[in-house]
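Peer 1: Sequence plus predicted model, see below.
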Amino acid sequence: MAAEVNGSSVLLKEEEEPMEVTAPRSENYQALLDAGLPQKVAESLDNIFQTGESAEHGLVAYADLDERALDALREFNEEGALSVLQQFKESDLSHVQNKSAFLCGVMKTYRQREKQGNKVQESSKGPDETKIKALLDRTGYTLDVTTGQRKYGGPPPDAVFSGPQPGIGTEVFVGKIPRDLYEDELVPLFEKAGSIWDLRRDVWPLLSHILLLF
């Protein structure tokens with residue numbers, strides 16, 4: 001490109017348009033397209049698979065998602081599917097055993113809020129995994145996380161109790177628990193009342209069921 005400066009012709013270098021960089025696709029990308037997912041949705045999910053091994057929130061692999069989850073995701077429009085996958089990506093999956101069911105739960109919650117006319121909220125800050133791990137190491141209990149519930153224990157380790165599940169009169173229901181309180185703070189509080197069989201914390205509503213061994 002030439003420009004005239006003080007009567008002289010000067011050659012100017014044309015600005016090059018920035019090149020669009022596309023992340024390399026995994027071997028599962030074509031399978032996602034074959035399953036009927038839109039290109040952008042398939043790319044988003046494939047990115048989650050590729051970054052899963054280094055993610056702080058737990059590994060997610062292609063094999064973790066079954067046909068039911070992919071079918072449900074395909075029923076969303078592109079915008080909705082991408083929003084669901086963003087929430088799924090930001091969720092703490094460290095203690096999620098069935099990630100396919102967890103994704104289905106995220107989709108169900110999204111649709112429920114959408115029907116109610118509520119804007120789907122961004123995921124809130126999750127638990128401190130360092131403190132959660134320290135609690136599990138101290139007590140020997142397990143923690144299983146699904147979309148609607150976090151379950152600590154049930155049954156407890158043999159070192160705590162090895163008998164049958166306790167019956168009537170040992171279950172306590174606690175409501176109005178703040179959303180940002182997790183097992184690392186709840187368990188020490190309820191341990192003061194007795195040994196815990198299990199602690200089930202429902203997300204909607206914020207209610208905890210604590211089965212105590214007196």
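Peer 2: Received it, and whenever you're ready, just let me know what you need.

Peer 1: Name the residues of stretch 77-96 that come out as buried.
Peer 2: Residues 80-89, 91-96 are the ones in stretch 77-96 that count as buried (16 or more other CB atoms under 10 Å). Quick note: C-beta positions are derived from backbone N, CA and C, even for glycine.

Peer 1: do stretch 146-158 as well
Peer 2: 146-147, 149-156.

Peer 1: Check those against residue 33 and report the nearest one.
Peer 2: residue 147 (26.4 Å; CB to CB).

Peer 1: ok, back up a step: least confident pick among the buried residues of stretch 146-158?
Peer 2: Minimum pLDDT for the buried residues of stretch 146-158 is recorded at residue 147 (66).

Peer 1: Residue 146 contacts residue 102, correct?
Peer 2: Yes. Counting by CB atoms under 8 Å, residue 146 does reach residue 102; the two are 6.1 Å apart.

Peer 1: Now for these two: what residues contact both?
Peer 2: Common contacts of residue 146 and residue 102, defined by CB atoms under 8 Å, 6 or more residues apart in numbering, comprise residue 96.

Peer 1: Can I get stretch 61-81 as CSV, trimmed to CA atoms?
Peer 2: Taking Å, rounded to 0.1, in the frame of the first residue of the first chain, the C-alpha atoms of stretch 61-81 are listed here in CSV:
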residue,chain,number,x,y,z
ALA,A,61,-13.7,-37.8,30.3
TYR,A,62,-15.8,-38.6,27.3
ALA,A,63,-16.5,-42.0,28.8
ASP,A,64,-18.1,-40.3,31.8
LEU,A,65,-21.1,-39.2,29.8
ASP,A,66,-23.6,-41.7,28.6
GLU,A,67,-26.0,-41.5,25.7
ARG,A,68,-28.8,-40.3,27.9
ALA,A,69,-26.8,-37.1,28.8
LEU,A,70,-25.9,-36.4,25.2
ASP,A,71,-29.5,-36.9,24.1
ALA,A,72,-30.7,-34.4,26.8
LEU,A,73,-28.0,-31.9,25.8
ARG,A,74,-29.1,-32.1,22.2
GLU,A,75,-32.6,-31.0,23.1
PHE,A,76,-31.3,-27.6,24.1
ASN,A,77,-30.8,-24.7,21.7
GLU,A,78,-27.2,-23.7,21.2
GLU,A,79,-27.3,-20.8,23.7
GLY,A,80,-28.9,-23.0,26.4
ALA,A,81,-26.5,-25.9,25.8
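
Peer 1: Phi, psi for residue 153 please.
Peer 2: phi 80, psi -160 (degrees, to the nearest 10).
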